[in-house]
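**Student:** Let's see this in three dimensions:
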Amino acid sequence: MSLSPLVPTPPPAPLVELENLTIRFTGERTVHAVNDVSLTLPEGQVLGLLGESGSGKSVTLRALMRLLPKKRTQIAGRVRVAGQDVLAMDDDTLSAFRGRTISMIFQEPALALDPVYTIGDQITESVVRHEGASQAAGRARALEMLELVRIPSAKRRLDAYPHEMSGGMRQRAMIALALACKPKILLADEPTTALDATVQIQILLLLRELQRELGMSVIFVTHDIGVAIEICDRVAVMYAGQIVETGTMSEIVRAPKHPYPRGLLASTVHGAKRGARLETIPGTPPSLAEKPNACSFAPRCTFAMPVCQERLPAPVELSPGRIVRCVLAQETVPVT
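**Tutor:** You can find the predicted model right below:
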């Protein structure tokens, strides 16, 4: 009797797929905020978007939920989340999609939370809206979520307004609201920036624990590489609206191939000798008034060559999932 050959099972489709995402803001002046961004997020992973302010991280994140202003935004490319085409959704589908399939923790909870409603009412409303639950069931879920994010005296905090809570407590309440409908994907837009160092590490540890416990996929935006190290499995480094390098957290930290993440790592205090001058990246990020037609980092790069000013470098795949957009990376590509 002959045995039929085993057919390998194809890997599951990524939960998030961005393909050649390009975002332009129009008005008094044009801003090319995101340019030809492609990335994927597998199930159960934490992907970090790392870069300076203005690099397009938050804009990319908001495009996943279609939170950008309609009148002034032009979006091209492909955005698929959990198998759905986000750019093709009508308003009703989009409303159901937000909160249930994908949810977001905003950078400043004091602005994201409604100041005229209690924390309990805001979480309850989300559960009632997306799951069709009763008010009593929604309030019970709200209490459960506040306990999950370890807010002290959770039952009493249900009736608290955002201004009655500290910054750290508001951030925990924001996390509870984002997770109330058990989304598959969580977007975190620099959720620890406004917090002091002690509270920051508590929030990072909490997010990582909840991600593993609930089996979520997470995209975490940050400008702090130390924060990325604490929570991310993989990293996509953004500069001037483009992804210049992607890889595992270990690959980016131990052997960055693009000069920009090299500069970010060199400018941190971690591992520096006491009293030694920190290295800095010279210059400032470029204007985004025009779509780049050459390497945007070249004016600040110590390795820049004439070719860097002449054309836009193509992305180079060094290994599966390890992609670098730099002419220097072409010298390290293995010959087959």
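
**Student:** Past the helix or strand where residue 212 lies, which element shows up next along the chain?
**Tutor:** If you go by DSSP states H and E, residue 212 is part of helix 197-214. Helices and strands here follow DSSP H and E; after helix 197-214, the next one along the chain is strand 217-222.

**Student:** Now the worst-scoring helix or strand of the chain on mean pLDDT: buried residues?
**Tutor:** None of the helices or strands of the chain scores lower by mean pLDDT, DSSP states H and E than helix 109-112, at a mean of 86. By 16 or more other CB atoms under 10 Å, the buried positions in helix 109-112 come out as 109, 112. Heads up, the C-betas are built off the backbone N, CA and C, glycines and all.

**Student:** and that helix, what other elements does it pack with?
**Tutor:** With contacts defined as 3 or more CB pairs under 8 Å, 6 or more residues apart in numbering; DSSP states H and E, the packing partners of helix 109-112 are helix 167-179.

**Student:** Tell me how this structure divides into domains.
**Tutor:** If the domains of the chain are taken from automatic domain parsing, they occupy 14-101+184-268, 109-182, with pieces of a single domain joined by a plus sign.

**Student:** Distance to residue 325 added to those domains, as CSV?
**Tutor:** Shown next, in CSV, are these (distance: least, CB to CB, whole Å):
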stretch, distance to residue 325
domain 14-101+184-268, 5
domain 109-182, 32
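
**Student:** right, and these - which one's nearest residue 294?
**Tutor:** Distance to residue 294, taken as CB to CB, is lowest for domain 14-101+184-268 among those, at 11.0 Å.

**Student:** how far does that closest one stretch from start to finish?
**Tutor:** Across domain 14-101+184-268, the terminal residues are separated by 33 Å (CA to CA, to the nearest Å).

**Student:** could you say which helix or strand contains residue 18?
**Tutor:** strand 16-25.

**Student:** Can you give me the buried ones in that strand?
**Tutor:** 16, 17, 18, 21, 22, 23, 24, 25.

**Student:** Tell me if I'm right that residue 221 and residue 58 touch.
**Tutor:** Yes - contact status for residue 221 versus residue 58: in contact at 5.9 Å, counting by CB atoms under 8 Å.

**Student:** out of the two, which sits in the busier spot?
**Tutor:** Neighbour count, other CB atoms under 10 Å: between residue 221 and residue 58, residue 221 has more, with 25 against 19.

**Student:** contacting residues around the more buried one?
**Tutor:** Residue 221 makes contact with 48, 49, 57, 58, 61, 187, 188, 189, 190 under the criterion CB atoms under 8 Å, 6 or more residues apart in numbering.

**Student:** List the ones among these that fall in helices.
**Tutor:** Filtering these for membership in helices, criterion DSSP state H, returns 57, 58, 61.

**Student:** which of these lies closest to residue 242?
**Tutor:** Looking across these and measuring by CB to CB, the closest to residue 242 is residue 57, at 11.5 Å.

**Student:** Can you name the residues that contact the closest one?
**Tutor:** Taking CB under 8 Å, 6+ apart as the test, what residue 57 contacts is 49, 50, 51, 189, 221, 223, 238.

**Student:** repeat for residue 300
**Tutor:** Here residue 300 is in contact with 263, 281, 282, 283, 284 (criterion: CB under 8 Å, 6+ apart).

**Student:** Any chance of CSV for the residues you listed, columns secondary structure, distance to residue 179 and neighbour count?
**Tutor:** Supplementary listing: the contacts of residue 300 in CSV, determined by DSSP: H, G, I helix; E, B strand; the rest coil; distance: CB to CB, whole Å; neighbours: other CB atoms under 10 Å:
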residue, secondary structure, distance to residue 179, neighbour count
263, helix, 35, 18
281, coil, 36, 18
282, coil, 42, 10
283, coil, 40, 10
284, coil, 38, 10
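
**Student:** that older thread, how about the helix holding residue 212: buried residues?
**Tutor:** Judged by neighbour count (16+ other CB under 10 Å), helix 197-214 contains these buried residues: 199, 200, 202, 203, 204, 206, 207, 208, 210, 211.

**Student:** How far away from the center of its chain is it?
**Tutor:** Taking the mean C-alpha point of helix 197-214 and that of its whole chain, the gap between them comes to 15 Å (CA atoms, centre = their mean, to the nearest Å).

**Student:** Next, the angle helix 167-179 makes with it.
**Tutor:** 20 degrees (axes from the mean of the first three to the mean of the last three CA atoms, to 10 degrees).

**Student:** mind exporting the least confident helix or strand of the chain as CSV, just the C-alpha atoms?
**Tutor:** This file holds the C-alpha atoms of helix 109-112, laid out as CSV (Å, rounded to 0.1, in the frame of the first residue of the first chain):
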residue,chain,number,x,y,z
PRO,A,109,-6.6,59.2,28.1
ALA,A,110,-7.7,62.6,29.6
LEU,A,111,-8.6,63.6,26.0
ALA,A,112,-9.9,60.2,24.8
